[in-house]
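S.K.: generate coordinates for the sequence data below:
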Amino acid sequence: MMEPLASYDNTTYTNLSRLVTFSILDENENEISIQTNMSHPIEIIIPRDPSIVIPPMILQNVTSMNSTPHNQLFDLHYLNITSSLSISIHLEIQPLNISLAYLFIYKFDQLPQLNTSINNIDGWTLFCPLNLTNETLYKYFINNQQTSDHQSIIYGLRELNSTEMMNTCSNTSISSLPLTDQRFN
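M.R.: The predicted structure follows:
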């Protein structure tokens, strides 16, 4: 018997869970124990709605920041998330140079600001070469509980310089952001 994980409407609740569990039952509804391990995992595929068109990736050069207006540190993008339905955001970034690292920040409903004197963001992550998937993609997910009651998200991306990359990407317990007031040259 299969039941929907979560219907796509404004009553969907995820409780911030990233875990899917299931039980295998016999004809008398008794649970059947199945042993598995990392070399023989059970794969669960949750299909997406095939009628939703996924837009193609857009090439952005976040290194050439000298030409940006107002000495902006991040390459910023606006996304309208106003909807009567719940919305989650799945971000995928495919770097042209897989040896570079990036800082990703976002803010709901207003412009994110991050430098040595201002920290006005709702979230952040580092995209380091060790985190690349087999498809050479960086992936980030913002669930529908985080986006609820918001009209927009503005996100920014900037390339880390070699010192920042060494200090942050080699450290597995990063608790502070790589901050700068200077554009990457």
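S.K.: just checking, residue 150 touches residue 81?
M.R.: Yes: between residue 150 and residue 81 there is a contact at 5.9 Å, judged by Cβ atoms under 8 Å. For glycine as for every other residue, the C-beta is placed from the backbone atoms N, C-alpha and C.
S.K.: which of the two has more residues huddled nearby?
M.R.: Neighbours were counted for residue 150 and for residue 81 using other Cβ atoms under 10 Å; residue 81 has more, 18 against 14.
S.K.: pretty sure that one is touching residue 88, no?
M.R.: No: using Cβ under 8 Å, residue 81 makes no contact with residue 88, being 9.6 Å away.
S.K.: what touches both of the two?
M.R.: residue 147 (Cβ atoms under 8 Å, 6 or more residues apart in numbering).
S.K.: tell me the mean pLDDT over the longest helix seen in the chain?
M.R.: Longest helix in the chain by number of residues (criterion: DSSP state H): helix 162-169. For helix 162-169, the per-residue pLDDT values average out at 86.
S.K.: can you check stretch 33-40 too?
M.R.: Averaging pLDDT along stretch 33-40 gives 81.
S.K.: run through the protein and note the low-pLDDT ranges.
M.R.: 1-20, 48, 63-72, 172-176, 179-185 (pLDDT under 70).
S.K.: now do the helices in it.
M.R.: 144-147, 162-169.
S.K.: could these be laid out in a markdown table, adding distance to residue 49 and mean neighbour count?
M.R.: Converted to a markdown table, those look like this (distance: least, Cβ to Cβ, whole Å; neighbours: other Cβ atoms under 10 Å):
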| stretch | distance to residue 49 | mean neighbour count |
| --- | --- | --- |
| helix 144-147 | 14 | 18 |
| helix 162-169 | 35 | 15 |
